[in-house]
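**Student:** sequence and predicted structure below; questions after.
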Protein chains: 2
Amino acid sequence: MSQDDERLHRAILTRVVEPGDEICGRWLREVGAEEVVRRLVGCGVRPPGMTDKRWAGLRARAERADPERDLAAAQDAGARFVCPGDSEWPAQLDDLGDTRPIGLWVRGVPNLRMWALRSVAVVGARACTEYGAHVAATLGAGLAERGWVVVSGGAYGVDGAVHRGALGAGGATVAVLACGVDRPYPRGHTGLINRIAEQGLVVGELPPGDHPTPSRFILRNRVIAALTRGTVVVEAAYRSGALVTARAAQRLGRFTMGVPGPVTSGLSAGVHELLRGEAVLVSDAAEVAELVGGMGELAPDRRGPVLPRDLLDPGAGRVLAALPARGLAAVDEIARGARTTTDDVVGRLYELRSLGFVERHGDGWKLTRQAMISVRDDRHGC
Amino acid sequence: MSQDDERLHRAILTRVVEPGDEICGRWLREVGAEEVVRRLVGCGVRPPGMTDKRWAGLRARAERADPERDLAAAQDAGARFVCPGDSEWPAQLDDLGDTRPIGLWVRGVPNLRMWALRSVAVVGARACTEYGAHVAATLGAGLAERGWVVVSGGAYGVDGAVHRGALGAGGATVAVLACGVDRPYPRGHTGLINRIAEQGLVVGELPPGDHPTPSRFILRNRVIAALTRGTVVVEAAYRSGALVTARAAQRLGRFTMGVPGPVTSGLSAGVHELLRGEAVLVSDAAEVAELVGGMGELAPDRRGPVLPRDLLDPGAGRVLAALPARGLAAVDEIARGARTTTDDVVGRLYELRSLGFVERHGDGWKLTRQAMISVRDDRHGC
């Protein structure tokens, strides 16, 4: 079966199977996407543990699925469908086992896999206080300035402030939605989410046009947790969705962090509960970066690029070539040199940063020592 | 040598030796108080490691010391001098080793040793915020209501709010001063400290009339840490004295706790630093009590009074006798029954509580089950 057929079958399944469905996930792992689709639309055997009602629902949805239409709708919205096995698939999602997404719909230029390598989630209450919004925006900006990709859920409150903070710092940010990536939710964040899709990435498990539900919000959180090296919670009441993300991060062996607040604030109570457990108290972006950056295995002190330069995709290669051999360059200079937009350049630069080719200093970017050595080696042919 | 001679020699030494002087502490342990005084006022050998200048200073102060006058001044101020070996000496101060206080000057009716058995320190910034003052007062009241003796330093800011919270709840509180107990410091807290001496205890290492110095403030903190089961820090900037207390508590194996606050507040930065280490985040008195109360070794589930009833001092015995055989009694009822003041009764009740005879429920006090059994046993002569 070709990768295209696999993609088509998985596109059907994102329309048919709810996110995080463990029974279908196990079935998919055991028999493969093509066979799952064949059994759903044909008269095949159902997976063990599946009730009559659910089976009927799945079959009805499979009947109506039209993957070519979904893929075309995605393309119209500037989105692609990334599947396990694709070079852009973020391998850390495999830690989710049978609840691993069937595929991810992705809007935006940067490479999701590269960005996820150096990402941190910052999540929190929708109805946050001014304090929460201020802290979230400052964290988003601070992490972006330190070269971290900032992941959140695109919601009102803390999530929105985090994304805006990262965007405002000219940094990299990813919104993980609980609906189709062509259908920004909440409506009031349409502008923000479109901006994230231009400068960063908007991703989700649901196919184009699909809407969010309470359970989809909750299950979306496991993707945020799995995608990133750690999750920071900024304001969360008891039983908040942000705590679900934090606990998922904990189960996945990711770092779990919390920003404290006044003990007189109910919106900090959930964070404090977390901090009385395994979570680490963080006060600012430097403390977050110190923690997640110090994780030897996932954040090696790169001694050389992990990818040879000629394996870079042409867009990234052009941006790399536009950087001066020595010293800093601003994003707009690089964009002129690479004949592309500044948004594209920002995405490429973060991608190149994940690969160890470039580093950011304030508003400027430069080649890393390793990249310079690799340039010199290329020139000298050794 | 009689206990009175020992007391006289130690009274001299509190006038001569600075709190926490380790060289003198070792010397005292090795040769005894009488011999130390003999060598200081005579031509004796100085302790090893002592410079000429310090030796001369000690000798000059020893020359001028007048322990009878100090003990008389203390008595005039309603204070007594408690020494190691006295029945009122809190044994946990011995954990300080050679920096153990030479003796403690104590103002107030309750038994320091008994109170210290069930005590928690709450300390923090002098220039606290309204948030810090509110949290401190609430903690002081909440701990007092749960039957804990609340220890602090009598200073402006957090300390004052903690003491007032405990006093306001009709509870037990101890101020540990860095000066003579007859000389309340800061001046603006004269009324508060006198009130603490009436309803609780005011203690210190310095003899009557002595004044505080920066190093005495710092060294006072080790006494607060050692006296109590744990230390809670409410607001502290980096390098705050409250952090000295917390670190001393840590070194002594006591619980160290911190109340978080906004990360945007410099007055919470020191607490957050502590919470990123070994300290436990606490949000309220219940969490503090849960932590320090759960310490099996120091807080045994009492299965019977540790003291036979006839070893109680007469005042405590009268208060115990004034409690009804069953059910709750209010402090003023008990005071009428025991023919004493309500302040005296509160002190006695906390003392009796430390011994396992009584328990507090809201505003009422009752005999514990163990105390009732002991009453019954007394009556049946078995």
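**Tutor:** Nice, I can see it. Keep in mind that this is a model prediction, so the values were computed, not measured.
**Student:** per-domain residue ranges of chain A.
**Tutor:** A:3-65, A:92-293, A:309-380 (automatic domain parsing).
**Student:** which strand or helix spans the residue nearest to A:Arg146 when sequence neighbours are not counted?
**Tutor:** Nearest residue to A:Arg146 in three dimensions, chain neighbours excluded: A:Ala289, at 4.8 Å (CB to CB, 6 or more residues apart in numbering or on different chains). Placement of C-beta: from N, CA and C, glycine included. Take DSSP states H and E as the rule and A:Ala289 turns out to sit in helix A:285-293.
**Student:** which is the succeeding secondary structure element to that helix?
**Tutor:** Next element after helix A:285-293 (DSSP H and E): helix A:314-322.
**Student:** distance from the chain centre to that next one, please.
**Tutor:** 23 Å (CA atoms, centre = their mean, to the nearest Å).
**Student:** next one, pLDDT for A:Val306 please.
**Tutor:** Note for A:Val306: predicted pLDDT of 43.
**Student:** which residues does the helix holding A:Ala289 contact?
**Tutor:** Outside of helix A:285-293, the residues within contact range by CB atoms under 8 Å, 6 or more residues apart in numbering or on different chains are A:120, A:138-139, A:141-143, A:145-146, A:148, A:229-230, A:232, A:255, A:257, A:280, A:282, A:299, B:276.
**Student:** and what about A:Tyr185, helix, strand or coil?
**Tutor:** coil (DSSP: H, G, I helix; E, B strand; the rest coil).
**Student:** doesn't A:Val176 make contact with A:His163?
**Tutor:** No: assessed by CB atoms under 8 Å, A:His163 is found out of contact with A:Val176, at 10.9 Å.
**Student:** mind listing the shared neighbours of those two?
**Tutor:** What both A:His163 and A:Val176 touch, as defined by CB under 8 Å, 6+ apart, is the set A:Ser152, A:Gly154.
**Student:** more neighbours, the two?
**Tutor:** Of the pair A:His163 and A:Val176, A:His163 is the one with more neighbours under other CB atoms under 10 Å in any protein chain shown, namely 31 against 27.
**Student:** what comes up buried for stretch A:188-198?
**Tutor:** Going by neighbour count (16 or more other CB atoms under 10 Å in any protein chain shown), the buried part of stretch A:188-198 is A:His189, A:Leu192, A:Ile193, A:Arg195, A:Ile196, A:Ala197, A:Glu198.
**Student:** identify the residues contacting the closest residue to chain B within the stretch 1-150 of chain A.
**Tutor:** Relative to chain B, the nearest point of the stretch 1-150 of chain A is A:Tyr131 (5.8 Å; CB to the nearest CB). By CB under 8 Å, 6+ apart, the residues touching A:Tyr131 are A:Glu235, A:Gly261, A:Pro262, A:Ser265, B:Pro262, B:Thr264.
**Student:** count of neighbours near the residue lying closest to A:Gly266 once chain neighbours are set aside?
**Tutor:** Among residues not flanking A:Gly266 along the chain, A:Ala237 sits closest, at 5.5 Å (CB to CB, 6+ apart). By other CB under 10 Å, the residues close to A:Ala237 number 19.
**Student:** wait, a helix at A:Ala237?
**Tutor:** No: read with three-state DSSP, A:Ala237 is coil and lies in no helix.
**Student:** can you get me a residue count around whatever residue of the stretch 201-350 of chain A ends up closest to chain B?
**Tutor:** Proximity of the stretch 201-350 of chain A to chain B (CB to the nearest CB) peaks at A:Pro260, 3.3 Å away. Per other CB under 10 Å, the neighbour tally for A:Pro260 reads 29.
**Student:** mind listing what it touches?
**Tutor:** Contacts of A:Pro260 by CB under 8 Å, 6+ apart are A:268, A:271-272, A:275, A:281, A:283, B:260-263, B:268, B:272, B:275, B:281.
**Student:** format those residues as a markdown table; extra columns: distance to B:Ala116, pLDDT and secondary structure.
**Tutor:** Shown next, in a markdown table, are the contacts of A:Pro260 (distance: CB to CB, whole Å; pLDDT from 0 to 100; DSSP: H, G, I helix; E, B strand; the rest coil):
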| residue | distance to B:Ala116 | pLDDT | secondary structure |
| --- | --- | --- | --- |
| A:Ser268 | 33 | 97 | helix |
| A:Val271 | 34 | 97 | helix |
| A:His272 | 29 | 97 | helix |
| A:Leu275 | 30 | 97 | helix |
| A:Leu281 | 31 | 98 | strand |
| A:Ser283 | 34 | 97 | coil |
| B:Pro260 | 28 | 98 | coil |
| B:Gly261 | 29 | 97 | coil |
| B:Pro262 | 34 | 97 | coil |
| B:Val263 | 35 | 97 | coil |
| B:Ser268 | 29 | 97 | helix |
| B:His272 | 29 | 97 | helix |
| B:Leu275 | 26 | 97 | helix |
| B:Leu281 | 25 | 98 | strand |
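**Student:** scan those and report the most crowded one.
**Tutor:** A:Val271 (32 neighbours).
**Student:** and the contacts of whichever helix or strand A:Leu71 is part of?
**Tutor:** Using DSSP H and E, A:Leu71 sits within helix A:67-76. Outside helix A:67-76, the residues that touch it by CB under 8 Å, 6+ apart are A:7-9, A:11-12, A:14-15, A:80-81, A:105, A:181-182, A:207-209.
**Student:** can you pull out the low-pLDDT segments for the stretch 1-150 of chain A?
**Tutor:** Along the stretch 1-150 of chain A, the model assigns pLDDT under 70 to residues A:1.
**Student:** quick one: the strands in chain A?
**Tutor:** A:79-82, A:104-107, A:119-124, A:149-152, A:173-177, A:201-204, A:230-234, A:255-259, A:280-281, A:329-330, A:358-361, A:364-367 (DSSP state E).
**Student:** so what's the gap between the fifth one and the chain middle?
**Tutor:** This means strand A:173-177. The answer for strand A:173-177 is 6 Å, by CA atoms, centre = their mean.
**Student:** what of the fourth one?
**Tutor:** In terms of CA atoms, centre = their mean, the centre of strand A:149-152 is set 7 Å apart from its chain centre.
**Student:** the last one now?
**Tutor:** Here the centre of mass of C-alpha atoms in strand A:364-367, compared against the chain's by CA atoms, centre = their mean, lies 24 Å away.
**Student:** okay, now the sheet partners of it, with direction.
**Tutor:** Paired neighbours of strand A:364-367 in the sheet (DSSP bridges): strand A:329-330 (antiparallel), strand A:358-361 (antiparallel).
**Student:** one more: the fifth one?
**Tutor:** Taking DSSP bridges as the criterion, strand A:173-177 sits next to strand A:149-152 (parallel), strand A:201-204 (parallel) in its sheet.
**Student:** got it, and the second one?
**Tutor:** When pairs are called by DSSP bridges, strand A:104-107 turns out to pair with strand A:79-82 (antiparallel), strand A:201-204 (antiparallel).
**Student:** and those strands as a markdown table, adding mean neighbour count?
**Tutor:** A markdown table is the format used below for those (neighbours: other CB atoms under 10 Å in any protein chain shown):
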| stretch | mean neighbour count |
| --- | --- |
| strand A:79-82 | 22 |
| strand A:201-204 | 27 |
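**Student:** TSV for those strands, including distance to B:Leu28?
**Tutor:** Shown next, in TSV, are the strands paired with strand A:104-107 (distance: least, CB to CB, whole Å):
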stretch	distance to B:Leu28
strand A:79-82	75
strand A:201-204	70
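**Student:** of all the residues in chain A, which ones are close to chain B?
**Tutor:** A:131, A:134-135, A:259-264, A:268-269, A:272, A:275-276, A:280-281, A:283-284, A:287 (CB under 8 Å from any CB of the partner chain).
**Student:** what's the neighbour count on A:Gly165?
**Tutor:** A:Gly165: 28 neighbours (other CB under 10 Å).
**Student:** so it touches A:Gly140, yeah?
**Tutor:** Yes: contact between A:Gly165 and A:Gly140 holds when scored by CB under 8 Å: they sit 2.7 Å apart.
**Student:** what touches both of these two?
**Tutor:** What both A:Gly165 and A:Gly140 touch, as defined by CB under 8 Å, 6+ apart, is the set A:Val150.
**Student:** what about A:Leu252, neighbour count?
**Tutor:** Quick note: A:Leu252 (other CB under 10 Å) scores 18 neighbours.
**Student:** no further questions, thank you.
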